[in-house]
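> the following comprises the amino acid sequence and a computationally predicted model.
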Amino acid sequence: MSHQHDHDRLARIGMPEAVLCGTKSTEQFVAIVEELASSTSQPRLFTRIDDHQFEALSPAMVERLDVDRLSRTAILNGPLPKRDGRVAVVAAGTSDAAVAAEAARTLEFSGVECETIVDVGVAGLWRLEARLDDIRTADVVIAVAGMDAALVSVIGGLVASPVVAVPTSVGYGVASDGSTALNSALASCAQGVTVVNIDNGFGAACATVRMLSLFEARP
């Protein structure tokens, strides 16, 4: 089966097509990777790769890919050229690390300088306070948090930069599917916080790239 790839997306919106892998069969995933590897020199990002898919790749293909198991991503043909701007990906707890890593890897792929700061949730505010100076120097902040996602409102009230919130599915009981974190982020009293879908580190990074593209558009 032939796959219809969107090779013109980079020219249209400044980001190339990314491939969501976890919803595809292992056979489909391998076929898409091999087809892109042989048909284009354009950078490509593969997201949500599961363990079976990672293990199905041939050694030769693994050599061609930049693979990261924590973020479940792979990059083909290297990252995009460097962009202006710097981003801080701030995660409430180590349990949020995989979602934060997906955001960071997407930024890395997009040519964006990024620093990841983990384990600064509101249960220990002194840890966040100790990193505030670093966070405030970022042009955009991606706040990644599960449970009640209180970190989103705290950062939104302390930082002037645009804040993109990623609610995660980390938590107990009613919090465990991420709906509590999502509703909390959407209902934040911090002004102007942008919220993406549950566990969507990729989407948060893409929204950030669109914001940073405004810097490049300035004369």
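In hand now; what should we look at?
> distance of the closest residue to L158 other than its chain neighbours relative to V90?
In this structure, L158 finds its nearest non-sequential neighbour in L132, 6.4 Å apart by Cβ to Cβ, 6 or more residues apart in numbering. Quick note: C-beta positions are derived from backbone N, CA and C, even for glycine. Between L132 and V90 the computed distance is 10 Å (Cβ to Cβ, to the nearest Å).
> quick one: which of the two has more around it?
V90 (30 against 13; other Cβ atoms under 10 Å).
> tell me the SS of V141?
What DSSP: H, G, I helix; E, B strand; the rest coil gives for V141 is strand.
> who touches it in this structure?
By Cβ atoms under 8 Å, 6 or more residues apart in numbering, the contact set of V141 is 87-88, 90, 135, 155, 159, 161-164.
> just G93 next, same as before
Taking Cβ under 8 Å, 6+ apart as the criterion, G93 is in contact with 118-119, 121, 145-146, 170.
> one more: A143?
Residues in contact with A143 (Cβ under 8 Å, 6+ apart) are 90, 151-152, 155-156, 163-166, 193.
> which of those fall within strands?
Using DSSP state E, the subset of these located in strands is 90, 163-166.
> can you flag the buried ones in these?
Using 16 or more other Cβ atoms under 10 Å as the burial test, the ones in strands among the contacts of A143 include 90, 163-166 as buried.
> quick revisit: hang on, the residue nearest to L158 packs against G157?
No - using Cβ atoms under 8 Å, L132 is not in contact with G157, being 11.6 Å away.
> how far away is the most centrally placed residue in the chain from S188?
Nearest to the geometric centre of the chain sits A103, at 1.7 Å (Cα atoms, centre = their mean). Distance, A103 to S188, by Cβ to Cβ: 18 Å.
> and what of A138?
Where S188 is concerned, A138 sits at a distance of 19 Å (Cβ to Cβ).
> tell me which residues are up against the helix ranked longest in the chain.
Identified as the longest helix of the chain according to DSSP state H is helix 201-217. With contacts defined as Cβ under 8 Å, 6+ apart, helix 201-217 is touched by 13-15, 18, 47, 71, 83-85, 87, 99-104, 106-107, 110, 112, 139-140, 142, 144, 162, 164-166, 194, 196-197.
> mind checking how far it is from the chain centre?
Chain-centre distance of helix 201-217: 11 Å, with Cα atoms, centre = their mean, to the nearest Å.
> and that helix, what's buried?
201-209, 211-213.
> and which of those residues is nearest to S58?
If you rank the buried residues of helix 201-217 by distance to S58 using Cβ to Cβ, F202 comes first, at 25.4 Å.
> for the closest one, give me the pLDDT.
At F202, the pLDDT value in this model is 96.
> ok, now Q42?
What the model reports for Q42 is a pLDDT of 86.
> number of nearby residues for it?
Neighbours of Q42 (other Cβ under 10 Å): 15.
> same thing with I13?
I13 has 13 neighbours, counted by other Cβ under 10 Å.
> from D50, how far out is it?
For I13 relative to D50 (Cβ to Cβ), the value is 27 Å.
> count of residues packed around the residue lying closest to R9 once chain neighbours are set aside?
Spatially, and ignoring its direct neighbours in sequence, R9 is nearest to E17 (4.8 Å; Cβ to Cβ, 6+ apart). For E17, the count of nearby residues is 16 (other Cβ under 10 Å).
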